[in-house]
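>>> coordinates only, sequence not included:
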Ligand SMILES: Nc1ncnc2c1ncn2[C@@H]1O[C@H](COP(=O)(O)OP(=O)(O)OP(=O)(O)O)[C@@H](O)[C@H]1O
């Protein structure tokens, strides 16, 4: 089932700033979709369009087949949103904030309390539940904001930089939670700059720059747009004549190949020449490198177009 469908979507702000420029993409239910792009790329604007906080200048978007601008109330029942500047009340405790927002979703008081306490516990905030929000650190607010977004068990979560401002342990906990939610069928639409975390948890990606979508797909697809080369790291007693390699240490070598299919041939070649192989590993280009390559390719293309 398609959770998010965006077709030729554009947003031009008053003053003429084209923040989103004719983008089209689809996200299936249960995916963790990583929406990646540099500052000002149009990620938050896209989330606001998907949540009905902004209306499109052109094109359309649908969330579980609902038009966010036409059905904001229905959409709020099935979606949760966590942005960096989520509105909550400083003079209320963490727990009371959650209870307040739970009642806005139509939950009854006992249901609200039970769910709020469970989420405080899951996000390691039980100790601070009775403290006023004004005493919370940035990371604690961030986690409470995530709890708020999850209160009514939404079918889709829009998360804008959910791990920014979190220490590594809390970030890991949030990422595990995101994976658990996805495994139980929740769709996650995640904007982030934290590419290493993104690679750990996202199943598909969209890469946006200056309002335009550069690429979508899983990591293999993005990788194939940049390079299909692999670096094979070997520890072996010899390398046969004719095999191109880079020596990286005593008995250790790097060999660049075009696909995994070449790895058994390398091993057979070494063993056939009377050598022993002690270690083999293959490194694929990480998301971070793919991201920068695609951004560079796009900048180069734009420069060429402007000549
Ligand atoms: N209310 C607004 N009025 C005019 N321009 C805006 C408004 N909000 C955002 N913009 C502009 O739209 C563009 C996209 O902004 P957006 O916040 O969507 O980017 P982003 O990818 O979320 O960036 P970041 O990673 O920094 O959060 C930027 O050029 C920004 O300056």
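Thanks, I have the structure now. In this text, all values refer to a predicted model and were calculated from it rather than measured experimentally. Numbering: from 1, shown residues only.
>>> The host helix or strand of residue 221 - contacts with which helices or strands?
With elements taken from DSSP states H and E, the one containing residue 221 is helix 219-226. Packing contacts for helix 219-226, counted by 3 or more C-beta pairs under 8 Å, 6 or more residues apart in numbering; DSSP states H and E, involve strand 204-209, strand 212-217, helix 287-306. Just so you know, the C-beta spots here come from the backbone N, C-alpha and C atoms, and that holds for glycine as well.
>>> Could you export the ones you listed as CSV, including distance to the ligand, mean pLDDT and mean neighbour count?
Listed next are the helices and strands packed on helix 219-226 as CSV, based on distance: least, C-beta to the nearest ligand atom, whole Å; pLDDT from 0 to 100; neighbours: other C-beta atoms under 10 Å:
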stretch, distance to the ligand, mean pLDDT, mean neighbour count
strand 204-209, 7, 95, 23
strand 212-217, 12, 94, 19
helix 287-306, 13, 80, 14
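>>> Could you check the angle the helix or strand containing residue 22 makes with strand 204-209?
If you go by DSSP H and E, residue 22 is part of strand 18-28. Orientation of strand 18-28 against strand 204-209 (axes from the mean of the first three to the mean of the last three C-alpha atoms, to 10 degrees) gives an angle of 170 degrees.
>>> helices or strands up against strand 18-28?
With contacts taken as 3+ C-beta pairs under 8 Å, 6+ apart, strand 18-28 sits against strand 2-12, helix 43-50, strand 58-63, strand 187-192, strand 204-209, strand 212-217.
>>> Can you redo these as TSV, where the extra columns are distance to residue 176?
Putting the helices and strands packed on strand 18-28 into TSV (distance: least, C-beta to C-beta, whole Å) gives the following:
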stretch	distance to residue 176
strand 2-12	21
helix 43-50	23
strand 58-63	25
strand 187-192	13
strand 204-209	19
strand 212-217	25
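>>> Return the most buried member of the ones you listed.
Across the helices and strands packed on strand 18-28, the average number of neighbours (mean count of other C-beta atoms under 10 Å) peaks for strand 187-192, which reaches a mean of 25.
>>> Would the next helix or strand after it count as contacting the ligand?
Moving toward the C-terminus from strand 187-192, the next helix or strand (DSSP H and E) is helix 195-201. No: on the criterion C-beta under 6 Å from any ligand atom, helix 195-201 is out of touch with the ligand, staying 12.8 Å away.
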